[in-house]
Structure formats: structure tokens, C-alpha cells
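Participant: only geometry, no sequence info:
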DNA sequence: TTGAAAGCGCTAACAA
DNA sequence: TTGTTAGCGCTTTCAA
């Protein structure tokens, strides 16, 4: 089943078939119709290999991410994949979970072998070597979830997000506001924990509130980690115990809510809790949070790539900052008098 | 950067380079060394497109799944992807979430275009047309998570799993055991809800316990759904209230645990709860569950494909049933006297 | 064990 | 607008 058979059946040349089916170059309406009909009849689908070899385009995008097991990553992936599929692009997945070896293999072996036209890197801080490698290959690259030097990246303003969450608590009248931040290990990639901590500090400082180390506990962005950290903070004697906690992710906030309950504290009467993300289950937990929109972030990354890949593609998706939004639910309230 | 340059530098023909690098055909040790050195020096990586076109092999496997947002699916994907990468294979992801249109596009347009050597279908019941389409293309296909007629599939024995969970409760002395099953919508794919319900029924019947509709509530496999269903079951007057609940997934079991707490019931003193999966957070919740091993299932699917794809591949991974295992934690105990 | 050379199926430059 | 044709870079027969 090759293009030649379609050409024969349609009574045109292979070049015309190629043009008609790919939409590149001019083809008369009649020719196009006959080609489409012939292709349909024969069940013809172009061979990607042949097409790529001849054209240099693969119609395939590589998506590189550090984990598959966290809500944020799969959401970005889902958004990007759906959007790419609509443009006729395939997605090749490179998951870097596991030893660091995998990372090297991906960059030195998998990505260069001309299988992808472009790369989306999710929450990965690429090294200069890695960026250079992709650029020398002429592969457009866009980052999602944090800045990569010299590369177009999409990320919410993490400082502002944390500040917004904290200001929400301050606005309710809280003055002793704890922080469940990210630990050093999770800071590796985009200093996200650091930024979210900064936002919390800025908000406190602006309100003339003290920044105290004893209301800070760090964790690894899991429910369990958030639980442990919250136990630590909320187990303190009443005079030291925060009346509100800002958790740097919803999953940690869930852990904090469970910890509060296990300590016999009521949320929000005894302690208010706010997270970041708007995870699928946050609504169920009644968690107040600052929503970000990873599916849309994935889709936007695709738009940007398409504008570089396709001649008439959506022109240069603008540089507007990514949206985030406070969603107030039942986990926050005024402190008890 | 083509094979010709490597050949020139190594002082051999392109055929020898191809043989040396692919490992197919005989090459003298010296020739191989020189080729490898030359390739290394030039940073040469074969062009997949050219290689595929010439050989008919893509070294790429398509993985089709219905969702990305659930633990089971991403775990299978992760296991399969890591395993494939080790064999030098890429993974192209086809996520069918969204309208049914996507499903058709994937099968009629994306999969046939000679981009993949084989397909792994996760928790999808393919139609005959879809299976035939793949077979005519000569693409090996293996299913994970449920049977596909006429296709090698990997799945735990869902009836046995549910029976085991229920028998655990019976063994502890429970006689009124509720079921949080899957609703009709989620039954579409592999009748998994139906099978897990059957296991529950078998266990009860074997123990001469009655099967009562009023201790059954169905949900959609989410935490929230499990919560609602459990509220229903556990809100019943004492004489009707089950002393134990089998939930057909861990996520629903989490919901049930939360519901119990909100009703002021203690787990396991007032009600025992058991799930299925051994989700990442189950240990944290102290949830007794029947573990299955999706990462390993994904890896096994790959082994099977490899044995069909690679000449000397692991020969026919055997047909042994997939393992599952009761993990007893703190959510189950004897009923209160 | 090696090399020469004929494709693999398509695209795109060029000519008509 | 259409057709002719020369590659794209590799693999794999076939012969040596």
C-alpha cells in the first residue's frame, strides 16, 4: 500500500497525491477529491518513516518529565498530548524517573535520533549541555513549570502564588501563619520550594508579621510528608501553634488536614489550611487553594511549538504571565477569638 | 552527519557500519571497534526515519490508555516505558480521554501510519474491528488490565482478588459485609466492577452469608465517590449497618475511611475497610488491601512484545497468572462483640 | 567477513 | 496546476 497505488487509482502522479494529502502546494479541487477518494478506498495512510526521511519533519514531539506519578505532571502531559493529537502530531514520552543514567541516555541517545521535531520539558531544569544539544539539533524546545536559561518557558509566578495564599490568611486576621514548604531534595529542579517560601515571607513582612523558623516544616510534596510536617507544627503548645498553615502543594495540604483532625483540631475553627494547585480532589476536601491550570499550560506549550514548527501556525503565543486564582473553600476562616 | 561519514572515518563500508552498530550480521572485532570509535567521535546517532524505512522496524511501541489521571494507568505506563527504554525502544502515547472521536482517530489514523512496531492497550476493551485493524497491519498487540478476545492479555483474576479481600473480612468474624462497587459507567471496559462484585458474592455464599442489596453502593472509583457510597452504607441504622466494607479500589476505600470518620465511626473498631490496588498512599492510610503490581504488569507486557519482535528475545513469557497479595494493615480487625 | 548497490516510500525542486 | 525525478539515510541482499 504505497502512494503509487493511490496515484494510479486516482489517475494522477505521486507528487499530486502527496500534495493533496499533505495540504502543501496547490492542487485542483477535482484532483484533490479523486485523491482523497482513492486513498479512502485503499485505506491508505502515509508512511511516517518515508515522509520524515524525505521531508525532515517527523510530526512527533518529545515530552520529557521527571515523574509520572504526580498530578501536576500527568495533567500537563494530558493537556499537551490532546492538543498535539488535534494537530496530527504524535507524542513520544521520556520519563526520567529512575536513576540519573536514564537522563543521560535520553539526551544523548533518544532525543538526537531524529524521532522528534521538538521537545517539551516539564519541571526540569536542563543543563546548558542539554539545552545546547537540542539547539544544535535544531529542535525547538519549550519548558513548562519553571525557567530554563535561554529557553522559552511557561511557569506561574510562584512567589506571587504563595504570597496570594498567605495574604488570604492574613486578610482573615491570622497573625501566626505556618509554612509547610518543600525540602531540599525537591528544590533541585526549579527552586520552587524556595520561591513559595519567599512569597510567604513577603506577605508576612508586608503585614509586619514576624518570620519565625519554628512555624516552618518542610516535606516532599506528598500527602504523607504534609501529614508529618503538620503534626510537627500543630503539636506545638498553644502559644506557639500557628492558627493557619500555608502548604506549598495541595497534596501536602491534604496531609495537613488529616493531621489536624488526628490531633483533634477542627479545620478551619482551630486551624486554617491553604494549598496550591487545585488538585482534582481539593474540591472534595473543601480545601482553599490557589489554582493553577496544568492542562492549559501543556496546551499553551504546544501552541508555542506549533508557531515555530508550522509555517502558518498560531503566531507567537504571547508572553502573558500564566494565570492562577484563589479558590476559597471551607478550610480557611477567621481565627477563633 | 550520516552513516557515510562514519564509514569514511572508520575506513569501512556503510554496510559494515550498519552491521556493527545494529548488531545484526557478522563483523570482525577490529572493524566493530573502529566503527564504534568513529561513531563516538562524530557523535553519530542513526536516523530512525531512514532506518525504519529501510528495515521496516521502528523501534517504537504505542501505548494506548483511557486516562492518565489514575494511579493504575500511570503505573502501568511507567513500568512499560522504563522497560522499553532499556531495550532502546521509544514509547508513543495515545491517551483516549476526551470524546470518542479521539478513539477512532487513533485507530484509523495514528496507529496505522507505520510509526509503531507493536501496541500495548491498557484497560481497554478493543472492538473486533480495532483488533483486526492492528492484526492486518502485522502489529503485535498485548492487553494489560483485562481480556481482549483473541489477544494475549495480562490481568489479575479480579474475581479471586475480590474474594480474597472478602474472605479476609469473613475470617475476622464479620458477617455483614458491605460492598462499594463500580458503577455502570465504569463497567464499560472490562466488567471489572462486575467481576469484583462476583468475588464478593462468592465469598459470602461460600460462608453461607446472605447477599443483601442494601449493603451495596456503587461509585466511580474516585475518593469522592467512595465517600458518598460509604456515607450511604454506614449511615444505616445499627441493625443494618455493615461492620465491614469491601471497596473495589483503594481510592474508593480512602473515601470510605473518611466517611466513617465524619460519621464518628472508628476504623477498624466500628467498621473494617479493605480495598484493592495498594495505591502509593495506602500504606499511609493504614489501609488493608489486595495489592496488584501495575509497574510489573507493564514490564511484563513489554517482555511479551519483545519476544515477538526481537529474534532472540525472551522467549514467550509464560502464561502464569498475575500475582496479587493481601496486605493487612490497620483498617481491618475483628468486629466489636 | 566485507563491499557494492538496489531499494524502502515519500517529498520537493524543477520543468512543463 | 501537474508530472518527472533526484534524493532523504539507512538496511540488506548478493557476490566476492
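Facilitator: Okay, I see it. These numbers come from a predicted model, not from an experiment.

Participant: Residues touching the strand or helix carrying residue A:20, excluding its own?
Facilitator: Of the helices and strands defined by DSSP states H and E, residue A:20 is found in helix A:14-22. Here helix A:14-22 makes contact (CB atoms under 8 Å, 6 or more residues apart in numbering or on different chains) with A:3-4, A:6-7, A:10, A:12, A:25-27, A:31-32, A:35-36, A:38-39, A:46. C-beta coordinates here come from the backbone N, C-alpha and C atoms, glycine included.

Participant: Check stretch A:276-294 too.
Facilitator: A:71-72, A:75-76, A:79, A:156, A:161-162, A:164-165, A:168, A:196, A:247-251, A:253-254, A:257, A:272-275, A:322-332, B:69, B:222-224, B:227.

Participant: quick one: it to chain centroid distance?
Facilitator: The offset between the C-alpha centroid of stretch A:276-294 and the centroid of the whole chain comes to 15 Å, using CA atoms, centre = their mean, to the nearest Å.

Participant: cool, and stretch A:29-40?
Facilitator: For stretch A:29-40, the separation from the chain centroid amounts to 41 Å (computed by CA atoms, centre = their mean).

Participant: Is it in proximity to DNA strand D?
Facilitator: Yes - residues of stretch A:29-40 are located near DNA strand D by CB under 7 Å from any atom of the strand, namely A:30-31.

Participant: quick one: buried residues of that stretch?
Facilitator: If you call a residue buried by 16 or more other CB atoms under 10 Å in any protein chain shown, then stretch A:29-40 has these buried ones: A:31-32, A:34-35, A:38-39.

Participant: Just the ones of these in strands?
Facilitator: Members of the buried residues of stretch A:29-40 lying in strands (criterion: DSSP state E): none.

Participant: which residue ranges form the strands in chain A?
Facilitator: Taking DSSP E to define them, one finds strands in chain A at A:60-65, A:90-95, A:118-122, A:141-144, A:153-154, A:177-182, A:216-219, A:244-247, A:272-277, A:288-291, A:325-327.

Participant: Nearest to residue B:86, out of these?
Facilitator: strand A:90-95 (12.3 Å; CB to CB).

Participant: how big is the angle separating that closest one from strand A:118-122?
Facilitator: Interaxial angle of strand A:90-95 relative to strand A:118-122 (axes from the mean of the first three to the mean of the last three CA atoms, to 10 degrees): 40 degrees.

Participant: neighbouring contacts of strand A:90-95?
Facilitator: A:59-68, A:77, A:80-81, A:84-85, A:102, A:106, A:110-111, A:115-116, B:60, B:77-78, B:81-82, B:85, B:90-93, B:110, B:115.

Participant: are any of the residues you listed buried, and which?
Facilitator: The neighbour count (16+ other CB under 10 Å) marks A:59-66, A:68, A:77, A:80-81, A:84-85, A:102, A:106, A:110-111, A:115-116, B:60, B:77-78, B:81-82, B:85, B:90-93, B:110, B:115 as buried among the contacts of strand A:90-95.

Participant: was I right about residue A:179 contacting residue A:245?
Facilitator: Yes - counting by CB atoms under 8 Å, residue A:179 touches residue A:245, with 7.3 Å between them.

Participant: Who is residue A:151 paired with across the strands?
Facilitator: Legend: beta-bridge partners of residue A:151 under DSSP bridges are residue A:148.

Participant: So it is in contact with residue A:126, correct?
Facilitator: Yes - with contacts counted by CB under 8 Å, residue A:151 reaches residue A:126, the gap being 7.5 Å.

Participant: which neighbours do those two share?
Facilitator: The overlap between the contact sets of residue A:151 and residue A:126 (CB under 8 Å, 6+ apart) consists of residue A:143.

Participant: okay, these two: which has more neighbours?
Facilitator: More crowded of residue A:151 and residue A:126, by other CB atoms under 10 Å in any protein chain shown: residue A:126, with 21 against 16.

Participant: Not counting sequence-adjacent ones, nearest residue to the more buried one?
Facilitator: Taking CB to CB, 6 or more residues apart in numbering or on different chains, and ignoring the residues beside it in sequence, residue A:126 has residue A:148 as its nearest neighbour in space, at 5.2 Å.

Participant: Now do the contacts for the one you found.
Facilitator: Neighbour list for residue A:148: A:121, A:124-126, A:131, A:141 [criterion: CB under 8 Å, 6+ apart].

Participant: Also residue A:129?
Facilitator: The neighbourhood of residue A:129, defined by CB under 8 Å, 6+ apart, contains no residues.

Participant: Could you check how far it is from residue A:169?
Facilitator: Using CB to CB, to the nearest Å, one obtains 42 Å as the distance from residue A:129 to residue A:169.

Participant: again with residue A:293
Facilitator: As it turns out, when the distance is counted by CB to CB, residue A:293 lies 23 Å from residue A:169.

Participant: Tell me which of those two has more neighbours.
Facilitator: Neighbours were counted for residue A:293 and for residue A:169 using other CB under 10 Å; residue A:169 has more, 28 against 19.

Participant: wait, isn't the more buried one in contact with residue A:242?
Facilitator: No - contact criterion CB under 8 Å: residue A:169 and residue A:242 do not qualify, at 9.5 Å.

Participant: so what's in contact with these two at the same time?
Facilitator: Between them, residue A:169 and residue A:242 share the contacting residues residue A:177, judged by CB under 8 Å, 6+ apart.

Participant: Check the stretch 1-150 of chain A for the residue nearest DNA strand D and tell me.
Facilitator: Relative to DNA strand D, the nearest point of the stretch 1-150 of chain A is residue A:26 (2.8 Å; CB to the nearest atom of the strand).

Participant: And the pLDDT at the residue lying closest to that residue once chain neighbours are set aside?
Facilitator: If you skip the residues right next to it in sequence, residue A:26 has residue A:19 as its closest partner in space, 7.3 Å away by CB to CB, 6+ apart. pLDDT recorded at residue A:19 is 94.

Participant: How many neighbouring residues does residue A:19 have?
Facilitator: The burial count for residue A:19: 18, using other CB under 10 Å.
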